[in-house]
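*Asks:* Below: sequence and its predicted model.
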Amino acid sequence: MSTSTELKARKAAAVPNGVGTKGIYVAKAENSELWDVDGRRYIDFGAGIAVVNTGHRHPKVMAAVAQQAELFAHTCFHISPYESYVALAERLNALAPGDFAKKTLFLNSGAEAVENAIKIARYYTKRSAVIAFSGGFHGRTHMTMALTGKVMPYKRGFGPFPAEVYHAEFPQPYRGISTEQALADIDRLFHGDVDPKSVAAIIVEPVQGEGGFNPAPAEFLRALRRLCDEHGIVMIADEVQTGVARTGRMFCIEHSGVVPDLITMAKGLGGGFPLSAVTGRATIMDAAHPGGLGGTYGGNPISIAAGHAVLDVVESEDLCARATRVGQKMRAHLEALAKEFPLIGDVRGVGAMVAFELVKDAKTKEPDAETTAAVLAHAEKRGLILLSCGTSANVVRLLAPLTIQDNVLDEGLALLADALRDAYGREAARAVA
Ligand SMILES: Cc1ncc(COP(=O)(O)O)c(C=O)c1O
């Protein structure tokens, strides 16, 4: 096998520049650890961007996939349908919040789920406008780029984007944007830019992921629900990153008690295999004509088998409770670190979706992207995979698999503390090997 250095050079020659990567070329992975082609071990606090909530290669997921591969790998659900797709739809319909009939459509990626949720909402309402939020992230296809409220690296140079997308402020108490201000901004849109009666959907992440792990306050989600009810707008909760036990509930929006009309999910649902879904009110989901929704690979049998196993594991290993415990431990550790490092401006998140924001000055709160990049680089040197986020790239997010063993979690958190000490030029507890 080639070394990381060789692979970096080959990647630069063979793969487009726009496909950004970290430098760790993986050879194998198990639960919350992975090993690169040079034999170095890493603790994974990224989980493939919140995908392997059930850990890398969970034995039950791998067994389900192997079993399905013995039967059939692909037929296209539109051509030769299969029971496992229908059964997984039934399970998600039962799990999603809302005491009404629901239906589920399967796709491959998060962006595809969002695209389809918008298609469905437009068809049902016979309206075209969509409201999304500053700092929101919904994917890299054209419609989802339009919905995304973060220019770099997702939008620059890729326009023009589909029309009829409007952005409102998202509450961010640390940056002085209250729920009231965010709601006033929607009111501004309704008076200045778009008639609420032309709005098909409001799409909201219950915790903004790429935007910086900003939780939507419950009163904000409740107010959006009221606005949607008042104006006949479809409320879409984008749970692509927050879903599947990550925040301590199957769906993050359950914390607020708000019932959305449609939920988009992906990432954790497939446990490492490409699977996404839109689940929602049957009356809305059923609006489109046959053939209007779907795709060649949507609900591929291998991914569907993985999805069933993921739901089994979430239940049998009580991963919602585990997410809460992992998150509490991370938060306590970060809050202690914030005392040592006053330029940790904010620690926030829900369940095991936890982040901290680095600033240059505690008073001005000027974002510190340079130190954030340094923390990530030092963490990597020490054997810890961390991801950043935030519209100013100054937020470090922790997204360990929910199945992470306690001792590995402790080890990862200690490495994080040392990476911060390295970045701020203080003496670290451990030398880098
Ligand atoms: C909230 C949200 N929506 C949509 C997407 C897009 O998902 P994908 O990359 O699978 O297309 C993401 C990915 O990070 C996401 O976090």
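*Replies:* Arrived safely. Remember, predicted model here, so these are calculated numbers, not experimental data.
*Asks:* State the number of residues packed around T324.
*Replies:* 19 (other C-beta atoms under 10 Å). (Each C-beta comes from the backbone N, C-alpha and C, glycine too.)
*Asks:* Which helix or which strand is home to it?
*Replies:* Using DSSP states H and E, T324 falls within helix 319-340.
*Asks:* What angle do helix 319-340 and the helix or strand following that helix make with each other?
*Replies:* Remark: after helix 319-340, the chain's next helix or strand is strand 344-350, criterion DSSP H and E. Regarding strand 344-350 and helix 319-340, their directions subtend 170 degrees when assessed with axes from the mean of the first three to the mean of the last three C-alpha atoms, to 10 degrees.
*Asks:* List the neighbouring strands of the helix or strand following strand 344-350 plus their orientation.
*Replies:* Sequence order places strand 353-358 as the next helix or strand after strand 344-350, per DSSP H and E. Using DSSP bridges, strand 353-358 pairs in its sheet with strand 344-350 (antiparallel), strand 395-398 (antiparallel).
*Asks:* deepest of those, which one?
*Replies:* The highest mean neighbour count among the strands paired with strand 353-358, using mean count of other C-beta atoms under 10 Å, belongs to strand 395-398: a mean of 25.
*Asks:* Now that strand - C-alpha only, CSV.
*Replies:* Extracted in CSV, the C-alpha atoms of strand 395-398 (Å, rounded to 0.1, in the frame of the first residue of the first chain):
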residue,chain,number,x,y,z
VAL,A,395,-15.8,26.5,15.8
VAL,A,396,-14.4,23.1,16.8
ARG,A,397,-17.1,20.4,16.8
LEU,A,398,-17.1,17.1,18.5
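*Asks:* so what does the helix or strand following it touch, helix or strand wise?
*Replies:* Going down the chain from strand 395-398, the next helix or strand is helix 406-423, by DSSP H and E. Helices and strands touching helix 406-423, by 3 or more C-beta pairs under 8 Å, 6 or more residues apart in numbering; DSSP states H and E, are strand 41-44, helix 319-340, helix 369-382, strand 384-385.
*Asks:* Which residue ranges of this protein form helices?
*Replies:* 4-14, 47-50, 59-71, 83-95, 110-125, 142-147, 179-192, 218-231, 282-285, 301-316, 319-340, 369-382, 406-423 (DSSP state H).
*Asks:* Would you reformat those as TSV and include distance to P162?
*Replies:* Formatted as TSV, these follow (distance: least, C-beta to C-beta, whole Å):
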stretch	distance to P162
helix 4-14	32
helix 47-50	25
helix 59-71	36
helix 83-95	28
helix 110-125	9
helix 142-147	5
helix 179-192	17
helix 218-231	21
helix 282-285	21
helix 301-316	28
helix 319-340	35
helix 369-382	30
helix 406-423	40
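*Asks:* Among those, which comes closest to the ligand?
*Replies:* Among the helices of the chain, the nearest to the ligand by C-beta to the nearest ligand atom is helix 110-125 (2.2 Å).
*Asks:* Contacts for the closest one, please.
*Replies:* 105, 107, 128, 130, 138-141, 143-144, 147, 200-201, 203, 232-234, 236, 238, 240-241, 261-262, 264-267, 276-278, 280, 283-285, 287-288, 292-293, 295, 298 (C-beta atoms under 8 Å, 6 or more residues apart in numbering).
*Asks:* Just the buried residues of those.
*Replies:* Buried members of the contacts of helix 110-125, counted by 16 or more other C-beta atoms under 10 Å: 105, 107, 128, 130, 138-141, 143-144, 147, 200-201, 203, 233-234, 236, 238, 240-241, 261-262, 264-267, 276-278, 280, 284-285, 287-288, 293, 295, 298.
*Asks:* about what we covered before: packing partners for the helix holding T324?
*Replies:* strand 344-350, strand 353-358, helix 406-423.
*Asks:* Give me the most central residue, the protein.
*Replies:* Centroid check for the chain by C-alpha atoms, centre = their mean gives Q241 as the closest residue, at 1.8 Å.
*Asks:* Quick check: closest non-adjacent residue to that residue.
*Replies:* G209 (3.7 Å; C-beta to C-beta, 6 or more residues apart in numbering).
*Asks:* Just to check, that neighbour is in contact with G139?
*Replies:* No: the pair G209 / G139 is not scored as a contact, 11.2 Å apart, by C-beta atoms under 8 Å.
*Asks:* which residues do the two both contact?
*Replies:* Joint contacts of G209 and G139 (C-beta under 8 Å, 6+ apart) are V240.
*Asks:* Return the residues of the stretch 151-300 of the chain in contact with the ligand.
*Replies:* Contact residues, the stretch 151-300 of the chain versus the ligand (C-beta under 6 Å from any ligand atom): E205, G209, E210, D238, V240, Q241, A266.
*Asks:* The last one contacts T279, correct?
*Replies:* No: assessed by C-beta under 8 Å, A266 is found out of contact with T279, at 11.8 Å.
*Asks:* Could you single out the most deeply buried of the helices and strands packed on helix 406-423?
*Replies:* Counting by mean count of other C-beta under 10 Å, the most buried of these turns out to be strand 384-385, with a mean of 23.
*Asks:* Within its sheet, name the partner strands of that strand and how each one runs.
*Replies:* By DSSP bridges, strand 384-385 pairs with strand 41-44 (parallel).
*Asks:* hey, C-alpha coordinates of the strand it pairs with in PDB?
*Replies:* Taking C-alpha atoms only, strand 41-44 is exported to PDB below (Å, rounded to 0.1, in the frame of the first residue of the first chain):
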ATOM      1  CA  ARG A  41      -3.800   5.200  15.100                       C
ATOM      2  CA  TYR A  42      -6.400   8.000  15.400                       C
ATOM      3  CA  ILE A  43      -9.400   8.600  17.700                       C
ATOM      4  CA  ASP A  44     -12.200   9.700  15.500                       C
END
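*Asks:* re earlier: including mean pLDDT, could the helices and strands packed on helix 406-423 go into TSV?
*Replies:* Shown next, in TSV, are the helices and strands packed on helix 406-423 (pLDDT from 0 to 100):
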stretch	mean pLDDT
strand 41-44	98
helix 319-340	97
helix 369-382	97
strand 384-385	98
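*Asks:* Reformat those as CSV; add distance to L189.
*Replies:* Formatted as CSV, the helices and strands packed on helix 406-423 follow (distance: least, C-beta to C-beta, whole Å):
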stretch, distance to L189
strand 41-44, 40
helix 319-340, 34
helix 369-382, 30
strand 384-385, 39
